[in-house]
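**Q** Fold the following and give me the result.
(chains A and B)
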Amino acid sequence: MKTIEPGTEAPPTILTGNQAAAWGAFLSRVQVVSAYPITPQTTVIETLADLTARADWPNRFVNVESEHSAMAVCIGASYGGVRTFTATSSQGLALMHELLHWAAGGRLPVVLVDVNRAMAPGWSIWTDQQDSLSQRDTGWAQFYCSSVQDILDHVILAFRMAEEASVPVMVVEDAFVLSHTAEAVSLPAPAEVDRFLPPRRPAFSLDVEKPRAFGGLLGPDWYQEVRKDLHESLLRLGDAAPRIYGEWERLTGRSYAPVEAWGVEDADVVLLTSGAVSSTAREVVATLRARRKRVGLVQVRMFRPFPGERLREVLRGVPKVAVLDRNCSFGHHGIFHQELKSALYSMEAAERPRIYGYVLGLGGRDVGPRALQEVVRLTEVREAPEPETTWIGAVLPEGPEQEHEEGVR
Amino acid sequence: MTPAAIPKIDGDPIVHRGHLACPGCAATPAYRMALQVLGRRTIVAAPACCFAVIDGAFPHSASGVPFLHTAFEASPAYASGVRAALDVKGETDTNVLVWAGDGGTFDIGLQALSAAAERNENLLYVCYDNEAYMNTGIQRSSATPRGAWTTTTPAGHTKVEVKKDLGEIMAAHRIPYFATASISHPDDMMAKFEKARKLRGFRMIHYFSPCPTGWKADSRHMVELGRRAVESGLFPLYEIFDGERLVINHRPAWTPLREYVSLQGRFKHFRDEDVAAMEAEARAAWERLEHRARLNAGP
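**A** Purely as a prediction, here's the structure:
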């Protein structure tokens, strides 16, 4: 097989989200990849197996028997001091759960792409955010992408942030809506990526010249300090993110931010979104503003660390915020909804928006412009938020319900 | 009773004093011997097991080589990652040693173990088998012998299932090297560590590790327990090359199993028929081994 240096062959300019994720890892000169297949992640690892096989730097692709072992291989290799990557989805991410704690507690800059897929049962291969948000408290940074370009750039950005802060980073993309949708992509030149992301220089690693134990018994006299350090490192990653995004913008001309806002200054209602729905929401906001409705949009790209301070700045004085959640913390609210309420609680009452929570689009149910317009309409007409989360579109259609009952009979 | 014959170790010992093993622990001298054979260019990966404690609490470590604590069920996968990183960096001469108990090997770690063996990862895996979850307080594992008392197979309800045959499981993976070892035969054990060190690919040593705490035995008797297990035919010493060629290293003297059982509180409920049943199982297992050894000897 022919060796290629990224960029020396005509690089692909049309990529799916999953291919973009693989190209991001490849351009980052990843050294150890370990993965286990799950729909709809498979094309990430298929593409990456092909790319790394043709890479001109030493690397290994370890095909394992489970996602659990995929993360364990990444952890072992990351302790060995090299750059590691994996990708998964849904049940696979849930199976990794224990090891996500090990990676974060070990302060290892592992990068993982999660293709957002609903949790079983019943089996669903379609998108929602339940899988990644269930990993909220593992100590991983999380970034939610809204376009294919976004995914490619964020895998490279994730390595840079992870290695700078010594924390693992999860890059999240929507199943099918992004993972299997092809878009025009600008591939950065390898030399540019190399300048932005130099080879990993770990602060510590398994070294026979300096024998140390890693992960040993940690008594009550030490444990809390170590966890506080992890927490503060995540907060520092949040502080560093605008600078790192700035460097990326100077290199590529593409700008990102942990929180992005459109038309918020004069808005009566602001939609708060994450993931691919944000792209749809931008269209809806543009359409409504053309009809002289004062609607704005806030896209939360960085979920952990949570950009509370930035959200308080952006939303200060906005009358109403409608939060869209493709997930649910059962028995409470959508998760972005509760996170936003917690972040805005410290604001002066006069400046604090009323926060409306909407759960929609679970298990891949399409979230189109009509659903978003309905969210805007409900938020406009309701003087105060309902005490509970409002579910959008969760009504059993007549046909299947009747069929089901006939089946039961 | 023959005195313990732990071989003198050449050079500075790699494993330090001051580790946290119970007095009499048979796993610790084997660890010391293994590292002495493998040398300082070795990285250890160990799951939750006695060695998660024995190596020492932060910031201490008794091992003298890098020691990576791993999730209970995942040490072969962690070690595969370490191996991959070393190979990518060109450190192909550094040994990676998995040091795991029977729980992490026979039970919760079996899936990752099978996968690492199937990939023929270049690792040495030592299972120190003390036949129960000793670190958590003597609970039954699938390596616990039939009839043994543990805290989860209490008196009157002792274990009814037969111990898994690790050698058969690993042979079925066609790994380059599998061997059994006992503290009572330290020269044989050192030779096996040395043989394993020189081979590449997935190598495994199943080390029989008498445990004073879990077996309710006197800490003076650990080497003797190893000897009686070997000489009664209960724990045969053998090697399997490439999952095919089986070599028996030592022919047991067929001493009465009662002599092995009687030194341990975990078998104190054993009647003569229980000992006889255990003896019959050991005989049958031995005959299977001999059959395989004859098959491999060829025409």
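**Q** Setting aside sequence neighbours, what's the nearest residue to the closest residue to chain A within the stretch 101-250 of chain B?
**A** Closest residue of the stretch 101-250 of chain B to chain A, Cβ to the nearest Cβ: residue B:115 (3.7 Å). C-beta here means a position set from N, CA and C on the backbone, and glycine is covered the same way. Once flanking residues are discounted, residue B:115 sits nearest to residue A:65: 3.7 Å by Cβ to Cβ, 6 or more residues apart in numbering or on different chains.
**Q** does that neighbour really touch residue B:113, like I thought?
**A** No: look at residue A:65 against residue B:113 with Cβ atoms under 8 Å: they stay out of range, at 10.1 Å.
**Q** With neighbour numbers in mind, choose between these two.
**A** residue B:113 (28 against 16; other Cβ atoms under 10 Å in any protein chain shown).
**Q** ok, that one - contacts?
**A** B:76, B:105, B:125 (Cβ atoms under 8 Å, 6 or more residues apart in numbering or on different chains).
**Q** And it, its phi and psi?
**A** phi -60, psi -50 (degrees, to the nearest 10).
**Q** Nearest to the spatial middle of chain B, which residue is it?
**A** For chain B, the residue nearest the mean C-alpha position is residue B:207 (2.4 Å; Cα atoms, centre = their mean).
**Q** Identify the bridge partners of that residue.
**A** residue B:128, residue B:181 (DSSP bridges).
**Q** Can you verify my assumption that it contacts residue B:127?
**A** Yes: look at residue B:207 against residue B:127 with Cβ under 8 Å: they come within range, at 6.6 Å.
**Q** Now the longest helix along chain A: buried residues?
**A** If you go by DSSP state H, chain A has its longest helix at helix A:223-252. Residues A:230, A:233-234, A:237-238, A:241, A:244-245, A:248, A:252 are the ones in helix A:223-252 that count as buried (16 or more other Cβ atoms under 10 Å in any protein chain shown).
**Q** of all those, which comes closest to chain B?
**A** For those, the minimum distance to chain B (Cβ to the nearest Cβ) is 15.0 Å, reached by residue A:230.
**Q** Skip the chain neighbours and tell me the closest residue to that closest one.
**A** Here the residue nearest residue A:230, using Cβ to Cβ, 6+ apart, is residue A:139, at 5.3 Å.
**Q** wait, doesn't the one you found sit right on residue A:104?
**A** Yes: under the criterion of Cβ under 8 Å, residue A:139 makes contact with residue A:104 at 3.0 Å.
**Q** any residues in contact with both of these two?
**A** Common neighbours of residue A:139 and residue A:104 (Cβ under 8 Å, 6+ apart) are A:167-168, A:230.
**Q** In JSON lines: those residues, plus distance to residue B:235 and pLDDT.
**A** What follows is the shared contacts of residue A:139 and residue A:104, written out as JSON lines (distance: Cβ to Cβ, whole Å; pLDDT from 0 to 100):
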{"residue": "A:167", "distance to residue B:235": "47", "pLDDT": "98"}
{"residue": "A:168", "distance to residue B:235": "43", "pLDDT": "98"}
{"residue": "A:230", "distance to residue B:235": "45", "pLDDT": "98"}
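**Q** Mind listing what's buried along stretch A:26-41?
**A** Neighbour count says stretch A:26-41 has A:26-41 buried, by 16+ other Cβ under 10 Å.
**Q** For chain B, give me the ranges with low pLDDT.
**A** Within chain B, the stretches falling below the threshold (pLDDT under 70) are B:1-10, B:297-299.
**Q** That one: strands as residue ranges?
**A** Secondary structure of chain B by DSSP state E: the strands cover B:42-46, B:67-69, B:95-101, B:124-129, B:177-182, B:203-208, B:238-241, B:245-248.
**Q** buried residues in the longest one?
**A** Translated: strand B:95-101. B:95-101.
**Q** hmm, back to that, keep the buried residues of stretch A:26-41, but drop any that are not near chain B.
**A** Intersecting the buried residues of stretch A:26-41 with the contacts of chain B gives A:31-32, A:34 (criterion: Cβ under 8 Å from any Cβ of the partner chain).
**Q** Now, these that are in strands?
**A** Those of those lying in strands (DSSP E): A:32, A:34.
**Q** Could you save the ones next to chain B among the buried residues of stretch A:26-41 as TSV and add columns showing pLDDT?
**A** Converted to TSV, those look like this (pLDDT from 0 to 100):
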residue	pLDDT
A:31	98
A:32	98
A:34	98
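**Q** And the helices in the chain?
**A** All of this refers to chain A. Under DSSP H, chain A gives helices at A:17-27, A:42-53, A:67-79, A:90-95, A:97-105, A:130-133, A:148-165, A:190-196, A:223-252, A:277-290, A:308-315, A:335-344, A:369-381, A:398-408.
**Q** hmm, I had chain B in mind actually
**A** B:27-38, B:50-54, B:75-88, B:102, B:110-118, B:166-171, B:186-198, B:212-215, B:222-231, B:257-261, B:272-297.
**Q** helices or strands next to the third one in the packing?
**A** For helix B:75-88, the elements it packs on are strand A:32-35, strand A:60-63, helix A:67-79, strand B:42-46, strand B:95-101, helix B:110-118, judged by 3 or more Cβ pairs under 8 Å, 6 or more residues apart in numbering or on different chains; DSSP states H and E.
**Q** quick one, it and strand B:124-129 angle?
**A** 160 degrees (axes from the mean of the first three to the mean of the last three Cα atoms, to 10 degrees).
**Q** quick one, helix B:75-88 and helix B:110-118 angle?
**A** Using the same axes, to 10 degrees, helix B:75-88 lies at 30 degrees relative to helix B:110-118.
**Q** Quick one: name the residues of the stretch 1-150 of chain A near chain B.
**A** So the stretch 1-150 of chain A meets chain B at A:31-32, A:34, A:58-60, A:62-66, A:68-70, A:72-82, A:84, A:98-99, A:102 (Cβ under 8 Å from any Cβ).
**Q** so residue A:182 touches residue A:13, yeah?
**A** No: when contacts are counted by Cβ under 8 Å, residue A:182 is not listed as touching residue A:13 (10.2 Å).
**Q** who has more neighbours, those two?
**A** Between residue A:182 and residue A:13, residue A:182 has the larger neighbour count (other Cβ under 10 Å), namely 13 against 10.
**Q** Flag every residue of the stretch 201-350 of chain A that's near chain B.
**A** Of all the residues in the stretch 201-350 of chain A, those lying near chain B are A:206-208, A:210-219, A:222, going by Cβ under 8 Å from any Cβ.
**Q** Next one: residue B:16 from residue A:66, what distance?
**A** 36 Å (Cβ to Cβ, to the nearest Å).
**Q** Just list the residues touching the residue nearest to residue A:230, thanks.
**A** Residue A:139 sits next to A:100-101, A:104-105, A:167-168, A:230, A:234 when contact means Cβ under 8 Å, 6+ apart.
**Q** which one among the residues you listed gets closest to chain B?
**A** residue A:101 (9.0 Å).
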